[in-house]
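1. Based on what follows, work out the 3D shape:
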Amino acid sequence: MPAAGQAVQRWSWTAADVGHIALRGIAQVALSASPWTGLLFTAALFAGGWRIGLYGLLGAASSTGAAAVLGADRGGLTKGLEGYCGCLTGIAVVVRLGASWQTALLAVGAAAICSVVGAAAGRLLGRAGLPALTAPFCLVAGVLEIALPTGAPAPAAPAARDGFTTLTAAQLGHAFCDNIGQVFFLDSWYAGLILLAGLLVASRKAAAAAACGSALAVLTACVLRLPADRISEGLYGYSAVLVAIALGATFLPLTPWTAGYAVVAAVASVPFTAAWATFAQAHGGSAFTWPFVVTTWLFLAAAPALDRPGISSEKAK
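-> Sure thing, here's the model as predicted:
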């Protein structure tokens with residue numbers, strides 16, 4: 001009987017707990033476990049449109065609820081680790097297919113599947129010491145794109161121009177903010193600033209990493225002569241923002257070596273994002289956050305073999 005009582009207690013949450021878990025699930029998109037960050041992120045989603053905000057909340061709630069029903073680890077649930085992929089999946093559904101009761105049901109079901117895919121990914125990748133990141137979202141959203149095409153393939157990106165791409169002051173400002181906003185499919189500069197404020201609430205280091213990642217992405221995209229309009233829309237920089245947060249403020253201790261390592265990774269993610277987007281768009285798809293996921297995996301997997309303080313776990317001290 002005591003064991004049964006303990007099992008009941010294990011899943012007992014107050015309304016405040018549920019609210020905190022939901023907000024942490026949204027915050028974890030940017031690798032944060034702060035409910036205050038999640039609150040500001042939610043405000044940014046609704047600033048980008050009520051449909052995006054609603055579907056983001058719906059997706060986060062669905063994936064978290066499914067994980068709880070399936071008996072996922074309570075610690076992961078309370079930290080929001082079961083909600084962020086569902087949040088992104090819900091947003092991806094409404095951005096691609098629009099808002100209706102049918103797409104709402106689709107978002108709920110797809111987000112719930114994210115909890116299963118996430119459990120499998122965590123188990124498999126954990127053996128290699130790698131985090132799942134947003135790979136479950138990318139897999140589920142990618143399958144939906146293939147199964148539910150919305151029309152002809154998107155036109156290819158404009159050819160790179162000769163010389164360094166120059167941006168106006170307005171384009172620079174939009175690019176910096178939209179690089180952050182596009183993490184949530186948001187293309188409004190003020191939404192990007194709200195997201196940055198949300199990161200700052202939780203961690204100055206994470207906010208600084210995101211800002212540096214965005215600035216590096218703009219500079220790299222200009223050096224690579226990528227189209228100015230797409231740079232200003234944040235289409236080449238959102239993965240760099242996430243890579244910078246992951247390597248510069250989350251998974252590696254901050255040292256001069258790891259800071260430089262994160263810079264290299266953020267820069268590398270820009271051409272990777274451009275290439276992946278070009279390939280995906282030619283087939284009517286999207287890159288989603290695959291460039292962030294794969295870049296972070298590669299740099300984390302390489303870290304133990306690099307004999308520099310903070311990068312190699314053996315040299316962390």
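
2. And the helices in the stretch 201-317 of the chain?
-> 204-223, 228-232, 238-249, 256-282, 290-302 (DSSP state H, counting those that start in this stretch).

3. So which of those is the most surrounded?
-> Sort the helices of the stretch 201-317 of the chain by mean neighbour count, taking mean count of other C-beta atoms under 10 Å, and helix 238-249 sits at the top with a mean of 30. Yep, even glycine has a C-beta here, placed from its N, CA and C like the rest.

4. closest one to Asp178 among the helices of the stretch 201-317 of the chain?
-> Closest approach to Asp178 among the helices of the stretch 201-317 of the chain is made by helix 228-232 (6.9 Å; C-beta to C-beta).

5. CA-only coordinates of that closest one, as PDB, when you get a sec.
-> Taking C-alpha atoms only, helix 228-232 is exported to PDB below (Å, rounded to 0.1, in the frame of the first residue of the first chain):
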ATOM      1  CA  ALA A 228      20.000  40.500 -48.400                       C
ATOM      2  CA  ASP A 229      16.300  40.000 -48.100                       C
ATOM      3  CA  ARG A 230      16.700  36.500 -46.700                       C
ATOM      4  CA  ILE A 231      19.400  37.700 -44.300                       C
ATOM      5  CA  SER A 232      17.100  40.400 -43.000                       C
END
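
6. What segments of the stretch 1-150 of the chain are helices?
-> 2-10, 15-27, 35-47, 50-69, 74-78, 84-97, 101-126, 135-147.

7. And the ones you listed: which comes nearest Phe272?
-> helix 135-147 (13.8 Å).

8. Local confidence estimate at the closest residue to Thr134 other than its chain neighbours?
-> Closest residue in space to Thr134, ignoring its immediate chain neighbours: Thr289 at 4.5 Å, by C-beta to C-beta, 6 or more residues apart in numbering. pLDDT for Thr289: 97.

9. what residues are up against Thr289?
-> Shown in contact with Thr289 (C-beta atoms under 8 Å, 6 or more residues apart in numbering): Leu88, Leu133, Thr134, Phe137, Cys138, Val183, Tyr238, Ser239, Leu242.

10. Of those, just say which sits nearest to Tyr261.
-> Looking across those and measuring by C-beta to C-beta, the closest to Tyr261 is Leu242, at 15.3 Å.

11. Show me the shaky parts of the protein.
-> Applying pLDDT under 70 to the chain flags the ranges 1-11, 151-163, 312-317.

12. can you rerun that using 50?
-> Filtered on pLDDT under 50, the chain yields the residue ranges 1-9, 152-153, 313-317.

13. What's the separation between the spatially most central residue of it and Gly80?
-> Residue closest to the mean C-alpha point of the chain, counted by C-alpha atoms, centre = their mean, is Val29 at 4.5 Å. From Val29 over to Gly80 the distance is 9 Å, taken as C-beta to C-beta, to the nearest Å.

14. for Val223, same thing?
-> In terms of C-beta to C-beta, Val223 sits 36 Å off from Gly80.

15. Report how many residues lie close to the residue nearest to Leu186 when sequence neighbours are not counted.
-> The shortest distance from Leu186 to any residue other than its chain neighbours is 4.1 Å, reached at Gly48 (C-beta to C-beta, 6+ apart). Look at Gly48: counted by other C-beta atoms under 10 Å, it has 24 neighbours.

16. ok, of the contacts of Thr289, which one's closest to Ser232?
-> Using C-beta to C-beta, Tyr238 comes nearest to Ser232 of the contacts of Thr289, at 13.0 Å.

17. do you know which of the helices of the stretch 201-317 of the chain lies nearest Gly38?
-> helix 204-223 (13.5 Å).

18. Give me the contacts around the closest one.
-> Identification of contacts with helix 204-223 by C-beta under 8 Å, 6+ apart yields 30-32, 164-167, 172, 175-177, 179-180, 196, 199-200, 231, 236-237, 240-245, 248-250, 254, 262-263, 266-267, 269-271, 274.

19. Same question for stretch 69-85.
-> Outside of stretch 69-85, the residues within contact range by C-beta under 8 Å, 6+ apart are 10-11, 17, 20-29, 33, 38, 60-61, 63-64, 66-68, 111, 114-119, 134, 136-137, 140.

20. Could you report the separation of Val218 from Ala169?
-> Using C-beta to C-beta, we find Val218 at a distance of 12 Å from Ala169.

21. cool, and Ala191?
-> For Ala191, the distance to Ala169 - C-beta to C-beta - is 20 Å.
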